[in-house]
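Colleague: can't give you the sequence, but here's the structure:
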């Protein structure tokens, strides 16, 4: 079974039309809907995409890298390509296997879900 990216969006802007004032200094929070190939369902995963300059100048406290994609400049096409490739590389026997693998790099909506 393989993971498929169904959509990328933001709660604060339209990612198809938004661009930062400075493509080398930015941070955006994205919502990824990812599901299993051949199924209609999808779970929500969050990722913050930022430039090294934003991280260096704006992060005033220690920060771990989970849920963080660092790119040299804002290029939506390149960001989507990287996310699609990362998601497509994730495979497993079940959706649960896939989702847990994705949650190593992305923030999964069910990360703290107790079964």
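Modeller: Nice, I can see it. Fair warning: this is a prediction, and the values are worked out from it, not measured in the lab. Numbers count the residues shown, from 1 in each chain.

Colleague: Do you have the helices of the protein handy? List them.
Modeller: Taking DSSP state H to define them, one finds helices in the chain at 52-58, 76-88, 95-102.

Colleague: by how many degrees do the longest one and helix 95-102 diverge?
Modeller: Interaxial angle, helix 76-88 versus helix 95-102 (axes from the mean of the first three to the mean of the last three Cα atoms, to 10 degrees): 130 degrees.

Colleague: How about helix 76-88, which residues are buried there?
Modeller: Buried residues in helix 76-88, counted by 16 or more other Cβ atoms under 10 Å: 79, 83, 86-87. The way it works is simple: take the backbone N, C-alpha and C, and place the C-beta from them, glycine included.

Colleague: One more: stretch 33-53?
Modeller: Of the residues in stretch 33-53, 34-36, 42-43, 45, 47-51 count as buried by neighbour count, 16+ other Cβ under 10 Å.

Colleague: Now go through the residues you listed and say which are in strands.
Modeller: Of these, the ones assigned to strands by DSSP state E are 34-36, 43, 45, 47-50.

Colleague: which of the residues you listed lies closest to residue 74?
Modeller: Using Cβ to Cβ, residue 49 is the member of these that lies nearest residue 74, at 8.1 Å.

Colleague: if you skip the residues just before and after it, what's nearest to the closest one?
Modeller: Nearest residue to residue 49 in three dimensions, chain neighbours excluded: residue 69, at 4.7 Å (Cβ to Cβ, 6 or more residues apart in numbering).

Colleague: rewinding a little: kindly indicate which of the buried residues of stretch 33-53 lies nearest residue 26.
Modeller: Closest approach to residue 26 among the buried residues of stretch 33-53 (Cβ to Cβ): residue 51, at 5.5 Å.

Colleague: just to revisit the earlier point, can you redo the helices of the chain as a markdown table, where the extra columns are distance to residue 26 and mean pLDDT?
Modeller: Shown next, in a markdown table, are the helices of the chain (distance: least, Cβ to Cβ, whole Å; pLDDT from 0 to 100):
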| stretch | distance to residue 26 | mean pLDDT |
| --- | --- | --- |
| helix 52-58 | 6 | 89 |
| helix 76-88 | 11 | 97 |
| helix 95-102 | 24 | 94 |
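
Colleague: among the ones you listed, which is nearest residue 7?
Modeller: Residue 7 sits nearest to helix 76-88 of all those, at 10.6 Å, using Cβ to Cβ.
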